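Enquirer: please work out how this folds:
(chains A and B)
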2 protein chains.
Amino acid sequence: MAPRRRIGEFELIARYFAPLARGFDGAGGLKSDNAFLPADPRHDLVVKTDTIVAGVHFLADERPERVGAKALRVCLSDLAAGGATPFVYQLSLALPAAWRESWITGFAKGLAADQRRYGVVLCGGDTVVTPGPLTVTITAFGKVARGKGLGRDRARAGDELWVSGTVGDGALGLLAARGQLRGITPRQGASLEERYRLPQPRSALGSRLIGIASATTDVSDGLLADAGHIAEASRLAVSVERDAVPLSAAARAAVAAEPKLWANVLGGGDDYELAIAIPPRKRAGLLKAAHAAGIEVTRIGRFVRGAGVQLTIGGRPAAVTRKGYVHF
Amino acid sequence: MAPRRRIGEFELIARYFAPLARGFDGAGGLKSDNAFLPADPRHDLVVKTDTIVAGVHFLADERPERVGAKALRVCLSDLAAGGATPFVYQLSLALPAAWRESWITGFAKGLAADQRRYGVVLCGGDTVVTPGPLTVTITAFGKVARGKGLGRDRARAGDELWVSGTVGDGALGLLAARGQLRGITPRQGASLEERYRLPQPRSALGSRLIGIASATTDVSDGLLADAGHIAEASRLAVSVERDAVPLSAAARAAVAAEPKLWANVLGGGDDYELAIAIPPRKRAGLLKAAHAAGIEVTRIGRFVRGAGVQLTIGGRPAAVTRKGYVHF
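Expert: Residues are numbered from 1 along each chain as shown, chains lettered A, B, ... in the order given. Sure, this is the predicted structure:
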C-alpha cells in the first residue's frame, strides 16, 4: 500500500491556520517567522501559556472542535482572572504521527468559533510531529489598563471570598464521562460532562472586576487549592464555608447520592470559574459587575490573618482531605 | 518500595523557575496567573513560539542544560530574523512521568546561562506531565522599533541573497552524533555535533539589519527551503550558487569525502543562521553590520522575477533533489 499523501506544514498552515489569523495584521498571514504586536502606552499586555495533553487534560478521544476550544479557553480563563481583555494568541500543535487532515479541520473549526465568541485572533505558532500524545500549547495575550491588572497577591485580611458560577461540575463531569457517577439523571450527567469538556471562561466578568477585586485567580486546580493560592500570595489565611459553595442542580444531586464527592467538588479542579477577593464595601460593585456580565457570584468565605486554608461545614471547622488537584 | 517523594508543581516553580524570572517585575515571581508586559509606544513587540520534542528535535539523551538552551535559542533565532531584541519568554514544559529533579536542575541551569548571554528573563508558563516524550515550548518576546520589523515578504528582484556564518554544520552534526559521518577527524565531528546540539542564534546581527535588509529569515528548515520561503513570500524566484555557500572546515571535509552530503548541507536545516536579502547598494552597510556583530556574512545568490528556487553549481543550473527538511 502506498503511503497516504498528506499535506506538509506550510500547506497545513496556509489552509487551516492562516484563515484564523485574518484580521490581525501583525500575524502577517502566518507567513512570517514572527508576529508583530503593536504596543500601546495606555495598556499592559497580559500573557498566559497553557499546555493540554491528550489523555491527561482532555479525553483522548475528544472531538477535535473541543480540543482547540479547550486549549484556548483554559488560557482565556487566566486572562479573565487578570482582568484582561484577550485579543490574540499563539498556537503550538504537537501532532501524533498518525494525524489526519479531517482532525485538523475540526480543530480549526472549534478555534474559529471561539475566535468569534471571545474576540481573539491567531497570531502565530508552531506545528510539529510527536511520537507522544497530541499536545496543544496556547499563549494568549490580553490587554488591561496600565498598572490595573489583577493578581493573587493583594487580598487583605477582612476581604470576602466570592466565586463565580458553580463549582465542581468539571471534576464531576470527568467522572460522568467515565461512567463513574451515580444518583443522577442521564441529562444531569450530560450537563456535567459538558462542563468538563468545554470550560466557560468568565471573560465577561474578569475585565469588570478592575477597581473592585483586590485579588483574583481562576479555579483550575480546585476551589480550596486556588483559594489557598490567593491566601498564600497575599500572606493570609482563607476560610471557605462548604455549604455556601454554589452547586449546579446536577452536582447537588451527585453529592447528595454520594457525599464523599464533596472532595471532588472542592478539590477536583477544572472549574474555570473565578475566585474573587473583595473588601466588604465593594460588594454592591461586584454584584453590579456580575449582573452586567450575566454571571452569578456567591460569597463563600473570607480572608483572615494567618496562613493556610480552613474549610468549615455549617460554621464548624472540618478537615481538608484533598486540597486540590496536584499536577504531578 | 515506597514511591519516591517528589516536589509538586508549585514547589518546582518556586525552586527552579522563579529564580529565572527575577529582574522582570511583570512576571510577578511566577506567582501570578499571568505575566504583565508594559507596552511601549515606540516599539512593536515581536513574538515567536517554538516547540521541541525529545527524539525529534533534539537527541533523547541530550544533557538537560542543552535542552533548555536549544528550546530558547531556536526562538531567539526567529526573533533575530525579525530584527528584534529579545527581552522575555514564556516556558511550557511537558515532563515525562519519570522526571527527576536533577534533570530540572540542569535544565534551569542551561536557561539561566542563556538568560545572561542573551539578556532575556522568564516571565511565565506552564508545567505539565505527559505520557509522551519531554516537550518544551517557548514563546519568546522581542522589541523592534515601531514598524521596522523584518520579515520574509519584502525582497525585490535584483536583491542579493546573503547568509551568516556557515551552512550545513547542524545537519552534518546530527549525522556525526549518530556516528554516520566519515572522512572527518574526531575533532571536526565534535565541532559539527556541537553546532547541532546548541544553535548559535544570530541575535547580535539581526537587530543591526534594520534599514539594510529588505527581507530575512532564519535558516531552520534548510538553506534552499528557507531561501525559497523568502522568494515565495516576496513573489520572486531565487537562485543560489552552491560553491558560494560558506562551509566550515569540518563540513568541507565531510562533503569532500562524501559529495552526496551536499543535500544535507543545502537541505538539512538546523543551521539557525540568517538568510538576508539586500539591494546591492546596501552591501557596505551589511558588511559593516556583520563586522560590528562579529559574524561573517557571505553572498550566495540573488532574487529575480519568477518563482521557485534555482541551485547553480559553478554558474550552471543543477537539480534540487532535496529542498529542505520537511516537517511531516
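
Enquirer: from here on, just use CA atoms for contacts and neighbour counts.
Expert: Noted.

Enquirer: any idea how chain A splits into domains?
Expert: Per the record, chain A has its domains at A:9-145, A:160-318, by automatic domain parsing.

Enquirer: pLDDT weak spots in chain A?
Expert: Applying pLDDT under 70 to chain A flags residues A:1-7, A:9-10, A:23-36, A:38-39, A:321-328.

Enquirer: do a quick rundown of the helices in the stretch 201-328 of chain A.
Expert: With helices called from DSSP state H, counting those that start in this stretch, the stretch 201-328 of chain A shows them at A:203-206, A:223-233, A:249-257, A:262-267, A:283-293.

Enquirer: list the contacts of A:Arg63.
Expert: Applying C-alpha atoms under 8 Å, 6 or more residues apart in numbering or on different chains to A:Arg63 gives the contacts A:Gly106.

Enquirer: find the nearest non-adjacent residue to the residue in the stretch 1-150 of chain A positioned nearest to chain B, please.
Expert: As assessed by C-alpha to the nearest C-alpha, chain B sits closest to A:Gly132 within the stretch 1-150 of chain A, at 4.0 Å. Leaving aside its sequence neighbours, A:Gly132 sits nearest to B:Gly132 (C-alpha to C-alpha, 6 or more residues apart in numbering or on different chains; 4.0 Å).

Enquirer: so for chain B, which of the helices of the stretch 201-328 of chain A sits nearest?
Expert: Of all the helices of the stretch 201-328 of chain A, helix A:223-233 comes closest under C-alpha to the nearest C-alpha, at 7.1 Å.

Enquirer: return the distance of that closest one from the chain's centre.
Expert: Its chain's C-alpha centre and that of helix A:223-233 lie 16 Å apart, by C-alpha atoms, centre = their mean, to the nearest Å.

Enquirer: likewise for stretch A:40-52?
Expert: With C-alpha atoms, centre = their mean, you get 15 Å for stretch A:40-52.

Enquirer: okay, that stretch in CSV with CA atoms only?
Expert: The C-alpha coordinates for stretch A:40-52 follow below in CSV (Å, rounded to 0.1, in the frame of the first residue of the first chain):
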residue,chain,number,x,y,z
ASP,A,40,0.1,50.7,23.4
PRO,A,41,1.1,53.2,26.1
ARG,A,42,-2.2,53.0,27.9
HIS,A,43,-2.2,49.3,28.4
ASP,A,44,-0.3,46.4,29.8
LEU,A,45,-0.1,43.3,27.8
VAL,A,46,-1.2,40.3,29.8
VAL,A,47,0.3,36.9,28.7
LYS,A,48,-0.6,33.4,29.7
THR,A,49,0.6,30.0,28.4
ASP,A,50,-1.1,26.7,29.0
THR,A,51,-0.5,23.2,27.7
ILE,A,52,-3.0,20.4,27.4
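
Enquirer: got the buried residues for that stretch?
Expert: Residues A:Asp40, A:His43, A:Asp44, A:Leu45, A:Val46, A:Val47, A:Lys48, A:Thr49, A:Asp50, A:Thr51, A:Ile52 are the ones in stretch A:40-52 that count as buried (16 or more other C-alpha atoms under 10 Å in any protein chain shown).
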